[in-house]
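Undergrad: take a look and give me a structure for this.
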Amino acid sequence: MNQYFTTGEFAKLWGVKKQTLFHYDEIGIFKPAIKKPNGYRYYSYQQFEVFGVISVLKEMGMSLQEIKTYLDSRSPEQLIHLFSQKIDQIDREIEHLKTLKQIMHEKVEMTKRAILLIGDEIELKQMEAEYFMISPELDQFNHREFFDHLSEFMKREDFNSYTTWDSVGVMIDPQRLAKKEYLDYTHFYSRIEDVTQAQTVFLKPKGLYLIAYHRGSYDTTYQTYDRMIEFAKQNNLEFSGYSYEEFILDEISVIGYDNYLTQIQIQVQLK
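TA: Numbers count the residues shown, from 1 in each chain. Here you go, the predicted structure:
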């Protein structure tokens, strides 16, 4: 018996609770080498490595049932198959984390700039081309249907793999802009770096853009659009492309729609 560990001793070796070992015994994934009639459990030194395997597989994100299935039929071939799958999964997760990090970095820099804005600024700026993942064209909708469409967009596999809810904006096509239908959105969009991974890719063209910032709820953006129209007239410009709206300050940093700051970009050209 000097070659065996009690439940407490074995749990201490691995830094786990005794209840973990009891649970593993109950579900059949890791049974003690000896179990006395009085219920006392004893683990052998050979089991140290087996528990290590379970710990590694758990860290890889496998469920206890998946681990049990693997342990019951493990072989060199099974290991190669399992680890190859996990390597592919980890690579995808790394890319997703890189995307999240980039989005967070951009959000930080955007928020820093937003704090310094007065709110009435309108600027004319040359913008580089960008690739967007976009939704199907949106028809007429009420508030409920708007969020139904948004939910469907965010449930897409390519959205969940390569972007986040906080990077979603809305587009309005030139025809709707001309009619001043500023709440009649045409598409949802989200930036994407790898254009091969999105189901529907849209190129926001390089060119000259009017950029303005709207403070307050989305249902009062017409006020900022009117200012942009007046600015365009005074500078002999006309709208020539989509409008792109996205929140700079939103619920993640302020409380309530009235404190939101929305950036609006519209492609323009000289008349």
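
Undergrad: residues touching the strand or helix carrying residue 212, excluding its own?
TA: Assigned by DSSP states H and E, residue 212 belongs to strand 207-215. Strand 207-215 is contacted from outside by 114, 117, 119-127, 220-221, 223-224, 227-228, 231-232, 237, 240-241, 248, 259-269, using Cβ atoms under 8 Å, 6 or more residues apart in numbering. (Glycine included, C-beta is placed from N, CA and C.)

Undergrad: for the stretch 101-250 of the chain, give me the ranges with low pLDDT.
TA: 118-119, 157-166, 193-199 (pLDDT under 70).

Undergrad: which strands and helices lie in contact with the strand ranked longest in the chain?
TA: Secondary structure of the chain per DSSP state E: the longest strand is strand 237-249. Judged by 3 or more Cβ pairs under 8 Å, 6 or more residues apart in numbering; DSSP states H and E, strand 237-249 is in contact with helix 76-116, strand 168-172, helix 174-178, strand 207-215, helix 222-234, strand 261-270.

Undergrad: okay, those, which one's buried deepest?
TA: strand 168-172 (a mean of 22; mean count of other Cβ atoms under 10 Å).

Undergrad: partners of it in the sheet?
TA: strand 187-191 (antiparallel), strand 237-249 (antiparallel) (DSSP bridges).

Undergrad: kindly format the C-alpha coordinates of the last one as CSV.
TA: What that stands for is strand 237-249. C-alpha atoms of strand 237-249 as CSV (Å, rounded to 0.1, in the frame of the first residue of the first chain):
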residue,chain,number,x,y,z
LEU,A,237,-20.2,68.5,-54.2
GLU,A,238,-22.8,65.8,-54.7
PHE,A,239,-23.3,62.4,-53.1
SER,A,240,-22.1,59.6,-55.4
GLY,A,241,-22.2,56.5,-53.3
TYR,A,242,-23.5,54.8,-50.2
SER,A,243,-23.8,56.3,-46.8
TYR,A,244,-22.0,54.3,-44.1
GLU,A,245,-23.1,54.6,-40.5
GLU,A,246,-21.4,53.1,-37.4
PHE,A,247,-21.4,53.9,-33.7
ILE,A,248,-18.3,55.5,-32.3
LEU,A,249,-19.7,55.8,-28.8
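
Undergrad: redo the strands paired with strand 168-172 as a markdown table? Include distance to residue 140 and mean neighbour count.
TA: Output for the strands paired with strand 168-172, formatted as a markdown table (distance: least, Cβ to Cβ, whole Å; neighbours: other Cβ atoms under 10 Å):
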| stretch | distance to residue 140 | mean neighbour count |
| --- | --- | --- |
| strand 187-191 | 14 | 23 |
| strand 237-249 | 18 | 20 |
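
Undergrad: could I get the ones you listed as JSON lines with distance to residue 156?
TA: Formatted as JSON lines, the strands paired with strand 168-172 follow (distance: least, Cβ to Cβ, whole Å):
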{"stretch": "strand 187-191", "distance to residue 156": "10"}
{"stretch": "strand 237-249", "distance to residue 156": "18"}
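
Undergrad: closest one to residue 144 among those?
TA: strand 187-191 (15.8 Å; Cβ to Cβ).

Undergrad: mind giving me the packing neighbours of the very next helix or strand once past the closest one?
TA: Per DSSP H and E, the first helix or strand lying C-terminal to strand 187-191 is strand 201-204. On a contact count with 3+ Cβ pairs under 8 Å, 6+ apart, strand 201-204 meets strand 130-134.

Undergrad: pull out the buried positions in the strand it packs on.
TA: By 16 or more other Cβ atoms under 10 Å, the buried positions in strand 130-134 come out as 131-134.

Undergrad: out of those, who's nearest residue 191?
TA: residue 132 (6.1 Å).

Undergrad: could you check how far residue 133 is from residue 149?
TA: As for residue 133, its distance to residue 149 is 14 Å (criterion: Cβ to Cβ, to the nearest Å).

Undergrad: list the contacts of stretch 234-246.
TA: 124, 167-174, 177-178, 182, 186, 189, 204-205, 207, 210, 218, 221, 225, 231-232, 262-271.

Undergrad: now do 6 Å
TA: Identification of contacts with stretch 234-246 by Cβ atoms under 6 Å, 6 or more residues apart in numbering yields 169-173, 177, 262-269, 271.
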